Structures are given as structure tokens and as C-alpha cells.
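Enquirer: For reference, the sequence and a predicted model appear below.
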Amino acid sequence: MAKFTDLEIAALRSLFSEAPEITSLLEQQLSVATVTERENSGRGFFTTLSVPATVAPVERSDPLSGETFARIPGLEHGLGFALFFEGGRIETLEGFAYGPESTASLDLMNGAFEVLKMPINRSANVR
């Protein structure tokens, strides 16, 4: 089984901080998780994770996404991220290009990056 890359770890930890009520449980899952598959889709990447069933699940089914993004050389608009769950366990990390550039020729797993937060005004659309 493959190890996590620096980009994956930075993105996951940033995503975890978007849900402070479950961050510690997510960190516990990450500490025993393994990478089972990686794919550069040309529009970003998918990293499939495996977490043992013996680890406590979180009470969340909707993805974590929204504030975390990365600046990546070769991508003018950078990458956004989403973390998907299955049975309360982290299952898939998706990195998706915000712009029209292809990621096919980029080394997303070993190249330079900077993970940042883009605060979202969640009340802007509430009426």
C-alpha cells in the first residue's frame, strides 16, 4: 500500500479543520489509513483510502469541501478539494482543477504546492 504524499496530507488536514467537531476523529482515521489507489484524471486527481473497520466512524455522510485549495505550478486557478466518506470513514480525496488546464502532465503527487484557505461567506445566499 502506498504512503500519503505531502499534498494529500496537507489537503486532508486543512479539510479536517473545516469540521472542528470531528477533527480529532478524522485525525485518528488518518493515522491508520492507507492509500489503495491514485488516479490523475486530467482534471485533477482521486486518492482512494482504506480505514480499518475497527476505527470509530464519524457522523457525517456529506463531503467536506469548500475552503481548502492549493496553488500548483502549471495551474493558473489552482486545485480545490473534496473529501468523501463511506460508512463514516474517510474514503476518497478528490483534487479538482478550478480552471480549464489539464493536470495530465503535472506531477501532482510530488510537485510544489501551497495549500491555503479561501473563507466562504456561507450567509451570503441566505434570505
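Expert: Alright, I've got the coordinates. Numbering: from 1, shown residues only.

Enquirer: First-to-last residue distance for stretch 21-38?
Expert: End-to-end span of stretch 21-38 (Cα to Cα, to the nearest Å): 29 Å.

Enquirer: Now that stretch: buried residues?
Expert: Applying a neighbour-count criterion of 16 or more other Cβ atoms under 10 Å, the buried positions in stretch 21-38 are Ile22, Leu25, Leu26, Gln29, Leu30, Ala33, Val35. No exception for glycine: its C-beta is placed from N, CA and C like everyone else's.

Enquirer: From the residues you listed, which land in helices?
Expert: Filtering the buried residues of stretch 21-38 for membership in helices, criterion DSSP state H, returns Leu25, Leu26, Gln29, Leu30.

Enquirer: The one helix or strand His77 maps to pairs with which strands?
Expert: Element membership for His77 (DSSP states H and E) is strand 75-86. Sheet partners assigned to strand 75-86 using DSSP bridges are listed as strand 64-72 (antiparallel), strand 89-97 (antiparallel).
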